[in-house]
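Peer 1: make a model of this:
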Amino acid sequence: MLLPLCTRSLAIALLLVSTVAAENWPQWRGPRQDGVSPDVNMPATWNATKNVAWRLELPGSAGSTPVVWGDRIFLTSGDKEDLVLICADTSGKQLWKQVVSTGNEDYRKDEGNSASQSPSTDGKHVWAMFATGDLACYDLDGNQVWKFNVQDRYGKFQMNHGFHSSPVLDGDKLFLQLIHSNAWTIVALDKLTGQEVWKQHRPSDARGESKESYTTPFVYRDANHEFLLTHGADYIVAHRLSDGEEIWRCGGLNPKGKYNNSLRLVASPVATPGLIIVPSAKSGPVLALHPDGTGDVSDSEKVQVWKRAANSPDVPSPLLHDGLLYLCRENGVLYCVDSETGEQLYEERMHSDRYRASPLYYDGKVLCVSRDGTMTVVKFGRTFEKLAENTLNTETRLENITSSPIISDGTLYLRTFGGLYAIRAATSQN
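Peer 2: Sure thing, here's the model as predicted:
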């Protein structure tokens, strides 16, 4: 028997809401690589006991983010000298742990280590890479499908602070951005075999440390375009997905007149249909670009929508949602900008500490996480309103955070130096 129209409409609406709320978080910065979650009814406040559903002890620190598909959580970690891939379920129980590589190193003291790349999953397999160059594919039960060392195949990494770009999964391909002093190479792999689909040289005139990139590539799509964005060595470049051929490139991130030999790019680009936001580093420029370009568009007024001369984040990637752009500087200053015009709406200081994690949007809120574990929740909007300032345990270094927060199916996951926390509203805890 058919339900009445109003009842059917309500059921469909509830189903759609449920489907959106149960969204997976399959790779770095989520399904759209933008740090935006559709989940609602999420808490703004928590501490070591309030709204914490569980905490999973981890064997070591890492800057990588967890990824979630259904009831499975995957994350990489240092484990003394080993580099491991861990699978847990959404109740906080570890299911398996596989040693993928050895030779874990710390970079910039305790700023990062060899487990900084985030894994990716399609719900059938999971892919993990480490700064050693070891890249592997596993099934959901922890069985190795394939593995190889990227350095052996594509050249030794030459980076001042270790190689940390995360692989990006798109359809049946896994994209690698290998931008460092020994290679400027972009690669597409068959995700099920690890075999090369295509490889492209990405030329640049960058000098010194500016040859290096710590960013993660971005797959851009709208109704008329689709391409891979790579960001580093003074340029953002758009590549055809089919063969990696260059479509366009834009410079201006490291101005030639005041060239900075140490302007290595760390913050990754972000986009919404019709607009690409390009950060630089060390309080350099921020660009807003149209996707429709060919060749060198560095001086194209048609492609460049606006440019901010300064205040780029150095490490946290920008957050772009619903007409607003958030730039979280490494010193705790938050800028809110109209993404269509580039007009600055506010500049406010949050917590005074180093910021390494990228901001997260959820439920009308923006979450920014500092290195010492202080987490500031700001109301999403054109005026600044701090809703909460949360900590888990700032008395111990183990609760420091460099990993970006993520959300999946009504749960906020926070990866600290010592553990993985699941944060849920009290009524939704198991």
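
Peer 1: the closest residue to residue 173 other than its chain neighbours: neighbour count?
Peer 2: Distance criterion CB to CB, 6 or more residues apart in numbering; nearest residue to residue 173, sequence neighbours excluded, is residue 188 at 4.7 Å. In short, each C-beta sits where N, CA and C put it, glycine included. Residue 188 has 23 neighbours, counted by other CB atoms under 10 Å.

Peer 1: wait, residue 188 sits on residue 196?
Peer 2: Yes: counting by CB atoms under 8 Å, residue 196 is a contact partner of residue 188 at 7.5 Å.

Peer 1: shared neighbours, those two?
Peer 2: With CB atoms under 8 Å, 6 or more residues apart in numbering applied, the contact sets of residue 188 and residue 196 do not overlap.

Peer 1: the helix or strand hosting the residue nearest to residue 173 pairs with which strands?
Peer 2: Applying DSSP states H and E as the criterion places residue 188 in strand 183-190. Each strand paired with strand 183-190, and its direction, by DSSP bridges: strand 173-180 (antiparallel), strand 196-201 (antiparallel).

Peer 1: and those: which comes nearest residue 334?
Peer 2: strand 173-180 (27.6 Å; CB to CB).

Peer 1: restricting to C-alpha, output the closest one in CSV.
Peer 2: The C-alpha trace of strand 173-180 is given here as CSV (Å, rounded to 0.1, in the frame of the first residue of the first chain):
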residue,chain,number,x,y,z
LYS,A,173,43.2,5.9,-10.0
LEU,A,174,45.6,6.9,-7.2
PHE,A,175,47.4,10.2,-7.9
LEU,A,176,50.8,11.0,-6.5
GLN,A,177,52.4,14.5,-6.4
LEU,A,178,56.2,14.1,-6.3
ILE,A,179,57.5,17.7,-6.1
HIS,A,180,60.9,18.0,-4.5
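
Peer 1: numbering from 401 from now on, please.
Peer 2: All right, first residue 401 from here; so that's strand 573-580.

Peer 1: hmm, who's touching it?
Peer 2: 520, 527, 529, 535, 550, 554-555, 557-559, 563, 565, 567-569, 584-591, 597, 602, 611-613, 615-617, 619, 628, 630-633, 641.

Peer 1: now for the residue nearest to residue 573: which residues touch it?
Peer 2: 573-576, 596-599, 641, 644.

Peer 1: switch the cut-off to 6 Å
Peer 2: 573, 575, 597-598 (CB atoms under 6 Å, 6 or more residues apart in numbering).

Peer 1: only the buried subset of the contacts of strand 573-580, as a ChimeraX command please.
Peer 2: Remark: buried members of the contacts of strand 573-580, expressed as a ChimeraX selection using 16 or more other CB atoms under 10 Å:
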select :520,527,529,535,550,554,557,559,563,565,567,568,569,584,585,586,587,588,589,591,597,602,611,612,613,615,616,617,619,628,630,631,632,633,641
